[in-house]
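Fold the following.
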Amino acid sequence: MSRIRYIVQKEFIQIFRDRTMLPVIFIIPIVQLLVLVYAATLEMKQIRLVVVDQDLSSTSRRLVNKFEGSPFFTISKTSFSLKEAEELITRDKAHMILNIPYGFEKNLFRHNHAKLQLQVNAINATAAGLSNAYANYVISDFNRNIIAENINYITPESLKTIDVSYSYWFNPELNYRIYMLPGILVILVTIIGMFLAALNIVREKEMGTIEQINVTPIEKYQFIIGKLFPFWVIALFELAFGLTIGKIIFHIPMVGNLFVLFGFAAVYLIVALGLGLFVSTLANTQQQVMFIMFFFMLTFVLLSGIFTPVESMPQWAQKINIINPYAYFMRVIRMVLLKGSGFRDISKEFFSLIIYGAVILSLAVWRYRKTV
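Prediction:
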């Protein structure tokens, strides 16, 4: 134990002396957390809308005012020419066209129905779907107001439908930052545990100090524990610091037990450190580590469910997630913080990571012994 303690002390001294390592550990993750929570969002705001009002009636103006009052839309231009509006979309000056045809008000009050046309730029399918949903909601709300005001004159079939009320659990205000912050925090913690640990070991190779350590009486397991333990501690501290920022700045709810979350994070970081150790045995330079890590991290992050639910992915992608550590922690951190899940609810992921960590650490240690 004394040898491990000396190696750990040496690593902490080396980390805090390294002027390039400290910003990567403490400053960059916090800046990324503050920036990415606002940037990495699927919320659509400031949707540029072009209005082609060919009716010029009081009802059509009320509909346009309804869009102007929405926090999601900005009327970028009004026109009488549909061709001019389509050119604005072609030049990427607008996202959507609201075409109100001639006779809109007359058809609405005489025949109890009227037609509208929405044209949406669908290069980005997700953005187009959300924009269309927002626009349909505004139009539906406008339609309900018209019916309520003219109940004695308009008796459409839609009045006989069932009234449905919605209740959003765990995120009542549909605040996307509450959903994104835990996911971004998982990425930042993994970077500390996996990426920096691998770089630190390979840096010893480049400097030649690892060969000096190998000729000492230090056992391989002592060296590995001493090298990985500081980053395990730092990553847990990073998680605590990130949660504190999330609570103070973003008001993220913490419904579940934090001891359950940190217990799971401790096991998860063993897997991350094992992967970092394994990558360090495959590379001889820090540049090689960065290339290998970039490939795996990009794949794991996109499949982890940070932006889209894993359940909506193809079956082959869901099966690949068995070896994706991000997917485990991404799901658990949201379950614990937002839903208040306990250990029983995350036990499957917990024991899966224990097996995963044992396998990857054994493989990394075996590979390390083969290459040194």
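
Figure out the helix or strand that the residue lying closest to Leu273 once chain neighbours are set aside lives in.
Closest residue to Leu273 apart from its sequence neighbours, by CB to CB, 6 or more residues apart in numbering: Leu228 at 4.6 Å. Every residue, glycine included, has its C-beta placed from N, CA and C. Per DSSP states H and E, Leu228 falls inside helix 220-249.

Flag every buried residue along that helix.
By neighbour count, with 16 or more other CB atoms under 10 Å as the criterion, the buried positions of helix 220-249 are 222-232, 234-236, 238-239, 241-243, 245-246.

Give me the distance from it to the chain's centre.
Taking CA atoms, centre = their mean, to the nearest Å, one finds the center of helix 220-249 at 21 Å from the center of the full chain.

which other helices and strands contact that helix?
Contact here means 3 or more CB pairs under 8 Å, 6 or more residues apart in numbering; DSSP states H and E; on that basis helix 220-249 packs against helix 2-17, helix 28-39, helix 176-190, helix 197-207, helix 258-282, helix 343-371.

Identify whichever of the ones you listed lies nearest to Thr59.
Nearest to Thr59 among the helices and strands packed on helix 220-249 is helix 176-190 (33.9 Å), distances taken as CB to CB.

CA atoms only for the closest one, dumped as CSV, please.
Taking C-alpha atoms only, helix 176-190 is exported to CSV below (Å, rounded to 0.1, in the frame of the first residue of the first chain):
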residue,chain,number,x,y,z
TYR,A,176,-34.7,21.3,-22.5
ARG,A,177,-31.8,22.4,-20.3
ILE,A,178,-32.9,20.1,-17.6
TYR,A,179,-32.7,17.2,-20.0
MET,A,180,-29.4,18.2,-21.6
LEU,A,181,-27.3,19.1,-18.6
PRO,A,182,-27.0,15.6,-17.1
GLY,A,183,-26.0,14.2,-20.5
ILE,A,184,-23.3,16.8,-21.1
LEU,A,185,-22.1,16.2,-17.5
VAL,A,186,-21.6,12.5,-18.4
ILE,A,187,-19.5,13.5,-21.4
LEU,A,188,-17.3,15.8,-19.4
VAL,A,189,-16.8,13.3,-16.5
THR,A,190,-15.9,10.6,-19.1
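
Point to the helix or strand of this structure where mean pLDDT is at its lowest.
Averaged element by element with mean pLDDT, DSSP states H and E, the chain has its least confident helix or strand at helix 209-214 (a mean of 68).

okay, now the domains of the protein?
With automatic domain parsing as the criterion, the domains of the chain are listed as 2-40+175-371, 47-160.

residue contacts, Glu68?
Ile75 (CB atoms under 8 Å, 6 or more residues apart in numbering).

picking up where we left off before, pretty sure the residue nearest to Leu273 sits against Leu277.
Yes - under the criterion of CB atoms under 8 Å, Leu228 makes contact with Leu277 at 6.6 Å.

shared neighbours of those two, anything?
Applying CB under 8 Å, 6+ apart, one finds that Leu228 and Leu277 are jointly contacted by Ala197.

Which stretches in the stretch 1-150 of the chain count as helices?
Counting by DSSP state H, counting those that start in this stretch, residue ranges of the helices within the stretch 1-150 of the chain are 2-17, 21-22, 28-39, 58-68, 82-90, 104-110, 125-149.

and the fourth one, how far out from the chain's middle?
Here helix 58-68 shows a centroid-to-chain-centroid distance of 36 Å under the convention CA atoms, centre = their mean.
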